[in-house]
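Undergrad: I'll drop the sequence and a predicted model, then ask my questions.
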Amino acid sequence: MPIDVARRNNVRLLGNGEQPMIFAHGFGCDQNMWRFITPAFADDYRMVLFDYVGSGKSDTAAYDPRRYRSLRGYSRDVLEIILTLDLRDVVFVGHSVSSMIGVLAAVEEPDRFSSLVLVSPSPSYLNDPPDYHGGFERADIDGLLEMMDRNYIGWASYLAPVIMKNEERPDLSQELEASFCSTDPVIARRFAEVTFFSDNREDLAQVLVPSLVIQSAVDALAPPEVGRFVARAIPNGTYREIDAVGHCPHMSHPELTVAAMREYLRVPTPA
Amino acid sequence: MSLEPILDRAPCGFLSLDESGTVRLANTTLAELLGVPRDAIEGQSMDRLLPAAGRIFHTTHLFPLLRLHGRAEEIYIPLRTASGEEIPVLVNGVLRKQDGETFYDLIVVPMRQRHELENELIAARNMAQEATRGKDQFLSVVSHELRTPLTAVSGYADLLLRESRGPLTGPQRDYVARIAAAARYQVGLIEAILEFASLDGRMRLLDPSPVDVESALTGAMALLSVRAAKEEHDLRREPTPALGTALADPQALQQIVLNLGVNAIKFSEPGRPVLVRSEVAEDRIRISVQDSGRGIAASDVERIFDPFVQLEASDAGYAVRGVGLGLPISRELARGMGGDITVESVVGSGSTFTVDLPRAR
């Protein structure tokens, strides 16, 4: 029986355009994180949103520890979505770890992609002295895993977020999700290990697809020198630093992120 | 009274971040906790207050939660003080919009003592999980290894008993029969241990549905009577009016009745009666099995439900001796279906085991 990819990855389609644009969320979140970006491309693209297995409303039962023990398992999911929907000329937009997942997918099936948009990418979070400074040591990642363990113990609000009453925050009701970022704690822990212990520096040179790196001016997780490394290593890479602070500019500074994407993709700004 | 000085000295740290993660406001309590002046925090990035792991966690978990969900509760994160010490804290936060700008208001409560306790709990949990995993693996490996050679032992013993390769002398027949019986006993033992080890999994699969008690009992009695006849026991069913239906897993119910019946036959003197009774009381159905054995001393009554406990194993042969798992398994199964097994016993005259189950409506 063929795998129901749409169900497995909770695939959702948005937008009225022709060209496909697939959004891949980062570690710790789900497709909701693109909420501030997608409206800007609704007229020009056919947008595909999904959750990785273990995140959001994906089919957690489909989690296979062997498949997902490396980022290749995740990139296979992306390719399966693309093949199932028979998408061509795809603009891939990935945040953080998904940048590298997109890189792996584009190396494997370059003909399916027209461009990659890599938001806050890092090919390796671990330092590799003397030449590469990813920003973290192994002990830091162990600390993160411990922090996840502690928070997932009694963190009911994270696993099953309380439905927020609209009258409680009338000013924000339009903006807030009642439920989001639900994550299977066991899978999240493994995803963290795969994310932060991966080293994809060697893969960058094989990316034939034109790629844009969107980099915050200040980012404690993936600093500008790492973003520049990515843009330089990809043969047809473009580096674009935006005046934002933080690792999630698509959530904290959506308008700057949208502007950088529009400019690169040559999507006219609406009047 | 004004709130501001109270908030400044409130017994919890307070800070307000902007969209970029810059600390816009911090109270004195927080500054003192971190060992720095207030104005050394304000204007700084939140990242400066966090160790490396905390920065990742803030970015990948706390910030998205606040940004998309609008609030976060009971988030554990360590803060870094001026001296480099890490203080475990719990954070609650909300998103606030003011004059078109987005802020995240956080309160911070240190939890040093609870953190210690948590450390111990987590270590204990990890140890328990590992021990359970180890136990399961050990049991399955060991029982597989034990069972495989036994198949050969009992298989070849049975072949010899058929005498297809030549006749056996009287004593030889006797010896081989003993070998075969011992091997069968040990296979039963291993299977019972395996079943007990996998009981947790089985409990989850129990599927209570309405079961006609009369026909379930008739089926079990048919199986038991073979055994009873062999040992010349007087297995009897006390006549009862229509019983109706119990809410039980049919297979588990049959297993319980068989376990109790086999025990009763085993521990009764040959020729003495074994009585199976059943009754309906309100919303319960009770099935009891009365033996005419030696009875159980009051001090031993609860022990017999413990795994591997044998009260009178020493002087009994293979035929009588069991593994000591029938009762624990039966009681677990009964409890898993919302029932229980109890025992009443008189030393010298016998015991009555009663399984009590919910009645189906």
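TA: Looks like it arrived, so ask away.
Undergrad: Show me which residues of chain B are close to chain A?
TA: Listed as neighbours of chain A in chain B under the rule CB under 8 Å from any CB of the partner chain: B:19-22, B:45, B:47, B:51-57, B:59-61, B:63-65, B:67-78, B:95, B:97, B:118, B:122. Placement of C-beta: from N, CA and C, glycine included.
Undergrad: Strands - which of the residues you listed land there?
TA: Cross-referencing the residues of chain B next to chain A against strands under DSSP state E gives B:Arg71, B:Ala72, B:Glu73, B:Glu74, B:Ile75, B:Tyr76, B:Ile77, B:Pro78, B:Leu95, B:Lys97.
Undergrad: what's the farthest-apart pair in those residues?
TA: Based on CB to CB, the longest span within those runs between B:Pro78 and B:Lys97 and measures 29.1 Å.
Undergrad: Give the ChimeraX command for selecting the buried subset of the ones in strands among the residues of chain B next to chain A.
TA: In ChimeraX, this line selects whichever of those come out buried by 16 or more other CB atoms under 10 Å in any protein chain shown:
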select /B:71,72,73,74,75,76,77,78,95
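Undergrad: Same list, the ones in strands among the residues of chain B next to chain A, but as a markdown table with pLDDT and distance to B:Leu139 please.
TA: Shown next, in a markdown table, are these (pLDDT from 0 to 100; distance: CB to CB, whole Å):
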| residue | pLDDT | distance to B:Leu139 |
| --- | --- | --- |
| B:Arg71 | 88 | 46 |
| B:Ala72 | 88 | 43 |
| B:Glu73 | 87 | 41 |
| B:Glu74 | 88 | 38 |
| B:Ile75 | 91 | 40 |
| B:Tyr76 | 92 | 36 |
| B:Ile77 | 95 | 41 |
| B:Pro78 | 96 | 40 |
| B:Leu95 | 94 | 51 |
| B:Lys97 | 93 | 58 |
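Undergrad: just the ones in strands among the residues of chain B next to chain A now: which is nearest A:Val230?
TA: Out of these, the member with the shortest distance to A:Val230 (by CB to CB) is B:Ile77, at 28.5 Å.
Undergrad: who's in contact with that closest one?
TA: Taking CB atoms under 8 Å, 6 or more residues apart in numbering or on different chains, we find B:Ile77 in contact with A:Met147, B:Leu50, B:Gly54, B:Phe57, B:His58, B:Leu62, B:Pro88, B:Val89, B:Val91.
Undergrad: where's the nearest residue to the fourth one once chain neighbours are set aside, which helix or strand?
TA: Taking CB to CB, 6 or more residues apart in numbering or on different chains as the measure, B:Phe57 lies nearest to A:Met147, with 4.8 Å between them; neighbours along the chain are not counted. Take DSSP states H and E as the rule and A:Met147 turns out to sit in helix A:138-154.
Undergrad: What's the mean pLDDT across that helix?
TA: Here helix A:138-154 scores 84 as its mean pLDDT.
Undergrad: From the chain's centroid, how far away is it?
TA: The chain centre lies 21 Å from the centre of helix A:138-154; the measure is CA atoms, centre = their mean, to the nearest Å.
Undergrad: Which elements pack onto it?
TA: helix A:156-159, helix A:185-197, helix B:52-57, strand B:71-80, helix B:112-162 (3 or more CB pairs under 8 Å, 6 or more residues apart in numbering or on different chains; DSSP states H and E).
Undergrad: mind redoing it with 7 Å?
TA: Packing contacts for helix A:138-154, counted by 3 or more CB pairs under 7 Å, 6 or more residues apart in numbering or on different chains; DSSP states H and E, involve helix A:185-197, helix B:52-57, strand B:71-80.
Undergrad: hmm, who's touching the shortest one?
TA: Looking back up the chat, that one is helix B:52-57. Defining contact as CB atoms under 7 Å, 6 or more residues apart in numbering or on different chains, one finds that helix B:52-57 is touched by A:Phe136, A:Asp140, A:Gly143, A:Leu144, A:Met147, A:Ala220, A:Leu221, B:Asp47, B:Ile77, B:Pro78.
Undergrad: now do the longest one
TA: Around helix A:185-197, the neighbours that count as contacts under CB under 7 Å, 6+ apart are A:27, A:54, A:60, A:63, A:65, A:68-71, A:97, A:125, A:141, A:144-145, A:148, A:152.
Undergrad: hmm, try it at 8 Å
TA: Helix A:185-197 is contacted from outside by A:27-28, A:52-55, A:60, A:63, A:65, A:68-71, A:74, A:96-97, A:125-126, A:136, A:141, A:144-145, A:148-149, A:152, A:159, B:56, using CB under 8 Å, 6+ apart.
Undergrad: for it, which positions count as buried?
TA: For helix A:185-197, burial by neighbour count (16+ other CB under 10 Å) applies to A:Ile187, A:Ala188, A:Arg189, A:Arg190, A:Phe191, A:Ala192, A:Val194, A:Thr195, A:Phe196.
Undergrad: What pairs with the helix or strand that that helix is followed by, parallel or antiparallel?
TA: Proceeding N to C from helix A:185-197, the next assigned helix or strand is strand A:211-218, under DSSP H and E. Strand A:211-218 has the following strand partners under DSSP bridges: strand A:113-119 (parallel), strand A:237-245 (parallel).
Undergrad: Let's see the pLDDT reported for the closest residue to A:Tyr152 other than its chain neighbours.
TA: Counting by CB to CB, 6+ apart, A:Tyr152 lies nearest to A:Pro185, which is 3.8 Å off, once chain neighbours are set aside. pLDDT for A:Pro185: 78.
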